[in-house]
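[1] build me a model from this:
(chains A and B)
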Amino acid sequence: AQSVTQPDIHITVSEGASLELRCNYSYGATPYLFWYVQSPGQGLQLLLKYFSGDTLVQGIKGFEAEFKRSQSSFNLRKPSVHWSDAAEYFCAVGDSGGGADGLTFGKGTHLIIQP
Amino acid sequence: DTAVSQTPKYLVTQMGNDKSIKCEQNLGHDTMYWYKQDSKKFLKIMFSYNNKELIINETVPNRFSPKSPDKAHLNLHINSLELGDSAVYFCASSPQGAGTQYFGPGTRLTVL
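    So this is what the prediction gives:
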């Protein structure tokens, strides 16, 4: 069964500092990988996704993520965070076999931005 | 235009009642889903529907039943509500087999 681990429950970063959120997955083949962001009281917004090809993917709001097959990781990065980036971040894995299974989510990382 | 919409946004009800949450997508997607987000913000798939056919049904109590009148709608009916059903419920949709899911704004259900 597929699974996703986000080892950091909370992360505090100063505004303007760089950010890296960790995500490790377990899946039998090359998965579809996603990062979603949830602001307080809001729904989930897709930041970026990896299906195949270039292992460094660019997303919205200046985020990027790198797929590392050897480490089963898909870490999210941003060079300089803004106060508006404070939110809950979810890594998810999806079925790359073309099926209609739901996404399997990690437990999320709560990002706090210090002024 | 809102891609995936849900109504209501908030739902407060008493134990034992029956309630429904509606979901509509205008993206032309083939597959729709319901997720439950618990108080610890953990998201778990409940159902998915592909061309009006139930694809998966995770270990969800049979008090929960998805109903899809057409490809653009997937409603969630809940019978005999229990305290533990309090959560945020998200609807999502995706093109068939494409993986990327687009989420609605969520419905916060509170059972008293």
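
[2] in three-state terms, label the residue of chain B found nearest chain A for me.
    Per Cβ to the nearest Cβ, residue B:45 is where chain B lies closest to chain A, at 2.9 Å. (Glycine included, C-beta is placed from N, CA and C.) Three-state call for residue B:45 (DSSP: H, G, I helix; E, B strand; the rest coil): strand.

[3] burial count for the residue of chain A found nearest chain B?
    Residue nearest to chain B within chain A: residue A:102 (2.9 Å; Cβ to the nearest Cβ). By the measure other Cβ atoms under 10 Å in any protein chain shown, the count of residues near residue A:102 is 25.

[4] tell me what the residue nearest to it when sequence neighbours are not counted is bridged to.
    Excluding its sequence neighbours, the residue lying closest to residue A:102 (Cβ to Cβ, 6 or more residues apart in numbering or on different chains) is residue B:45, at 2.9 Å. With DSSP bridges applied, residue B:45 shows beta-bridge pairing to residue B:35.

[5] who's in contact with the most centrally placed residue in chain A?
    Residue closest to the average C-alpha location in chain A (Cα atoms, centre = their mean): residue A:35, at 3.3 Å. Neighbouring residues of residue A:35 by Cβ atoms under 8 Å, 6 or more residues apart in numbering or on different chains: A:21, A:23, A:46-49, A:59, A:63, A:65, A:74, A:76, A:89-92.
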